[in-house]
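Novice: Sequence first, then the predicted structure, then my questions.
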Protein chains: 2
Amino acid sequence: MGTRIGDVSTPSRVAAPDEGIGHDELALAARNHGLPLEALRYDVTPPGLHYVLTHYDVPFTDPEHWELTISGLVDRPLTLTLDELRALPSETHRVTMECAGNGRARLTPRPVSQPWLTEAVGTAEWTGVPLRELLAEAGVSPDAVDAVFTGADHGVERGVEQDYQRALSVADAMGEAPVLVAYAMNGAPLPPQHGSPLRLVVPGWYGMGNVKWLRDVRLTGEPFDGFQHSAYRYRASADDPGVPVTRMAPRALLVPPGFPDFMSRARFVPPNPIRVEGRAWSGHAPVTSVDLSTDGGTTWTPATLEDDPTTHPWAWRHWTADWTPTPGTHTLTARATDATGETQPLEEPWNRGGFGNNLVQEVRVVCVRGMDG
Amino acid sequence: MGTRIGDVSTPSRVAAPDEGIGHDELALAARNHGLPLEALRYDVTPPGLHYVLTHYDVPFTDPEHWELTISGLVDRPLTLTLDELRALPSETHRVTMECAGNGRARLTPRPVSQPWLTEAVGTAEWTGVPLRELLAEAGVSPDAVDAVFTGADHGVERGVEQDYQRALSVADAMGEAPVLVAYAMNGAPLPPQHGSPLRLVVPGWYGMGNVKWLRDVRLTGEPFDGFQHSAYRYRASADDPGVPVTRMAPRALLVPPGFPDFMSRARFVPPNPIRVEGRAWSGHAPVTSVDLSTDGGTTWTPATLEDDPTTHPWAWRHWTADWTPTPGTHTLTARATDATGETQPLEEPWNRGGFGNNLVQEVRVVCVRGMDG
């Protein structure tokens, strides 16, 4: 009949200058979801409010018969059931996770994919077995360079049929950061959309490295060059080889103060002193400062970082700042800086895949006398 | 400074003929989310996959100090804590709930609001105290005509500042359908986004009647005419008084077969026999038949209804149909009919608010030889 995969699964593209969000992008936005920004109030995000991005379908898995295999360049290939994993020593870490495409729909021109604005983030307490312990048990060959992780989700992307796969170098997989093979989120079994029954959690990295529905870890002697490694690159144009997307760039988000307008999401506050609060994170190093602007970035005031960054080194930090709004319209924005000195840009950092756009958030706040708020 | 609510909270409108989805609609789509259609496989939807629509913010509530008041035209006004409600006799009902705006973004021209395609639905086991028992305890005056339900969510909508409020007639509130004041979803306390700690569940009605974060029930001697009753009406034009949106129109949805393309969400299947399955519901009467078309609505074949409709009379029904795809592209669609004879339209039932668009779903399926699926 002449139907080919490429007829319906087309190459990546950038929207035309005045092209609104299409039905294809909307279908992704309706399936996946961000963190409603008021949920930044929670230290740990309840599961249904944590962002979710699924490339293909959420697979219908069976925890009772799940097996994780560790194969390839190892001395002792392993096959582990969920009960066997649960019987091993576990660790729990509080980890902030963000989609690499967060901010994509704010770029001009807009790369056509999942159209996130600023809300593709969440923080959870993940419990599981440290990957380095499993790899030590299997005995990684000195010839191994990458650990390739395969999920149970299967689909077609930009014309390529695939199981979802990502890799880490052996050094990253067995390094200091506690990479987990996780079976619990916030103390409960993983929900289907977060990888039930098993997922990888890679502290500090964007979400694409945190492979869900994990079924195989394969040690390879060559660097992995699968689809998801060539897709997640910062590229200036389609023919730019680009550089890999890895760790989360610094970002601060604020809890929109007051109460919202349904459609515009603008906020209303009365002219009384308020405490603005939010969260800030970076995958490169601890956040060391957050600055708040209430005039759209013209002037900045240091916010107070409220927590000890050594308690949960892989989680966002809580920040606060006092503000007394005056009647009129204000644009609130916050800006995080980490210990490497990296800070958020005030102009969009455009790239063709729409990755890592940590342009500062803008929240429109209208101060009106005589409201109930 | 001259700022007025109406400057940022504007009247409802309909998009221009070629107007793509805007950032305001996208911000709603990013916050709220539908049921990923593959999750139609579950009889009972896990909470993070059940659709969510929040008009304003998810309020940050405190279950420990929550009080529900029952006031107005009653003999004995009541104030109940969560513990007091939990100590009363409870019921659990499996209920399918759908947003009244489901299908809105498929309308031409498109009403500008939360841009749902077809996925704003879910089914949960809700546990709580029957409203009729609480009202009987309070003693409803013979002069009462409506019970007005107030949630803790507060915002501005189309220029009107408000607490979220909806009402039922006393007849509907105390009628045969088991309206619940629910404190549990699928056996666990309500998640924040589903109304923690208390919500109304009104079997058969669209979601807007199922008031979340419920804090007050007030019996009134006049019919309620608040904002959410004038907003949720089927209107032909802005000046049409219209008729109220109440119960769910019949709808069938199918689990998209095979596996997806990431961006287009088209499905791939090999040329082998498959069982197509889905769910169907109506708020007016039990679903009595579902028909499947694999040629975009030209021909129809009856599907098999798999369950006993009396077991969970307020939940969707499970249906299946066998199909052997041939190489090429096919459009699958299903059509539900209920016991009143009402069936799904094949042409869009346009109205200005974009409510109750139960136009049949369309799923594009590409059958290709030699795929892994």
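Specialist: Alright, I've got the coordinates.

Novice: what is residue A:72 paired to in the beta sheet?
Specialist: residue A:219 (DSSP bridges).

Novice: pretty sure it contacts residue A:220?
Specialist: Yes: contact criterion Cβ atoms under 8 Å: residue A:72 and residue A:220 qualify, at 5.6 Å. For every residue, glycine as well, the C-beta is placed using N, CA and C.

Novice: For residue A:16, grab the count of nearby residues.
Specialist: 10 (other Cβ atoms under 10 Å in any protein chain shown).

Novice: check contacts around it.
Specialist: If a contact means Cβ atoms under 8 Å, 6 or more residues apart in numbering or on different chains, then residue A:16 has residue A:109 as its contacts.

Novice: rerun that using 10 Å as the cut-off
Specialist: A:109-110, A:112 (Cβ atoms under 10 Å, 6 or more residues apart in numbering or on different chains).

Novice: what does residue A:167 give?
Specialist: Contact analysis of residue A:167 by Cβ under 10 Å, 6+ apart lists A:145-150, A:173, A:209, A:211, A:217-220, A:223-226, A:228-229.

Novice: Among those, which ones are in strands?
Specialist: A:146-150, A:217-220 (DSSP state E).

Novice: Looking at these, spot the one nearest chain B.
Specialist: The closest of these to chain B turns out to be residue A:150 (Cβ to the nearest Cβ; 13.1 Å).

Novice: Which neighbours do residue A:72 and residue A:220 have in common?
Specialist: With Cβ under 10 Å, 6+ apart, residue A:72 and residue A:220 have common neighbours A:144, A:146-148.

Novice: and the stretch 151-300 of chain A, which of its residues are near chain B?
Specialist: Contacts of the stretch 151-300 of chain A with chain B, taken as Cβ under 10 Å from any Cβ of the partner chain, map to A:153-163, A:188, A:191-194, A:196, A:231, A:255-256, A:258-268.

Novice: How about the residue of the stretch 1-150 of chain A found nearest chain B, nearest residue that isn't a chain neighbour?
Specialist: Per Cβ to the nearest Cβ, residue A:20 is where the stretch 1-150 of chain A lies closest to chain B, at 1.4 Å. Setting aside the residues directly before and after it, residue A:20 is nearest to residue B:20 in space (Cβ to Cβ, 6 or more residues apart in numbering or on different chains), at 1.4 Å.

Novice: before we move on, what about residue A:121?
Specialist: With Cβ to Cβ, 6+ apart as the criterion, residue A:121 has its nearest non-adjacent residue at 4.4 Å, and that residue is residue A:98.

Novice: One more: residue A:179?
Specialist: In space, and not counting its chain neighbours, residue A:179 is closest to residue A:131: 4.2 Å by Cβ to Cβ, 6+ apart.

Novice: picking that back up, filter the residues of the stretch 151-300 of chain A next to chain B down to the buried ones, ChimeraX style.
Specialist: Selection command for ChimeraX covering only the buried members of these, criterion 16 or more other Cβ atoms under 10 Å in any protein chain shown:
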select /A:153,154,155,156,157,158,160,161,162,163,191,192,193,194,196,231,255,256,258,259,260,261,262,263,264,265,266,267,268
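
Novice: Help me confirm that residue A:149 comes into contact with residue A:220.
Specialist: No: when contacts are counted by Cβ atoms under 10 Å, residue A:149 is not listed as touching residue A:220 (11.3 Å).

Novice: the more surrounded of the two?
Specialist: The neighbour comparison of residue A:149 against residue A:220 (other Cβ under 10 Å) goes to residue A:149, with 27 against 17.

Novice: and the more buried one, how far is that from residue A:201?
Specialist: 11 Å (Cβ to Cβ, to the nearest Å).

Novice: same deal with residue A:80?
Specialist: According to Cβ to Cβ, residue A:80 stands 17 Å off from residue A:201.

Novice: which of those two has more neighbours?
Specialist: Between residue A:80 and residue A:201, residue A:201 has the larger neighbour count (other Cβ under 10 Å), namely 27 against 20.

Novice: Report pLDDT for the more buried one.
Specialist: Per-residue pLDDT puts residue A:201 at 98.

Novice: right, and it touches residue A:93 too?
Specialist: Yes: counting by Cβ under 10 Å, residue A:201 touches residue A:93, with 7.3 Å between them.

Novice: joint contacts of the two?
Specialist: A:124, A:126-128, A:177-180, A:182, A:314.

Novice: So which of these is surrounded by the most neighbours?
Specialist: With neighbours defined as other Cβ under 10 Å, the most crowded of the shared contacts of residue A:201 and residue A:93 is residue A:182; it has 30 neighbours.

Novice: Quick check: closest non-adjacent residue to that one.
Specialist: Closest to residue A:182 by Cβ to Cβ, 6+ apart is residue A:128, at 3.4 Å.

Novice: what's near enough to touch the one you found?
Specialist: Neighbouring residues of residue A:128 by Cβ under 10 Å, 6+ apart: A:85-86, A:88, A:90-93, A:134, A:178-185, A:190, A:198-201, A:214.

Novice: Report the beta-bridge partner residues of the residue in the stretch 201-350 of chain A positioned nearest to chain B.
Specialist: Of all residues in the stretch 201-350 of chain A, residue A:328 sits closest to chain B, at 3.5 Å by Cβ to the nearest Cβ. Residue A:328 forms beta bridges with residue A:367, as assigned by DSSP bridges.

Novice: among the shared contacts of residue A:72 and residue A:220, which two are most distant?
Specialist: Taking Cβ to Cβ, the two most distant members of those are A:144 and A:148; they sit 10.2 Å apart.

Novice: between the two, what contacts are shared?
Specialist: Common neighbours of residue A:144 and residue A:148, using Cβ under 10 Å, 6+ apart, are A:72, A:218-220.

Novice: on that earlier part again, tell me, what's touching residue A:149 and residue A:201 both at once?
Specialist: In contact with both residue A:149 and residue A:201: A:131, A:179, A:181, A:209-212, A:214, using Cβ under 10 Å, 6+ apart.
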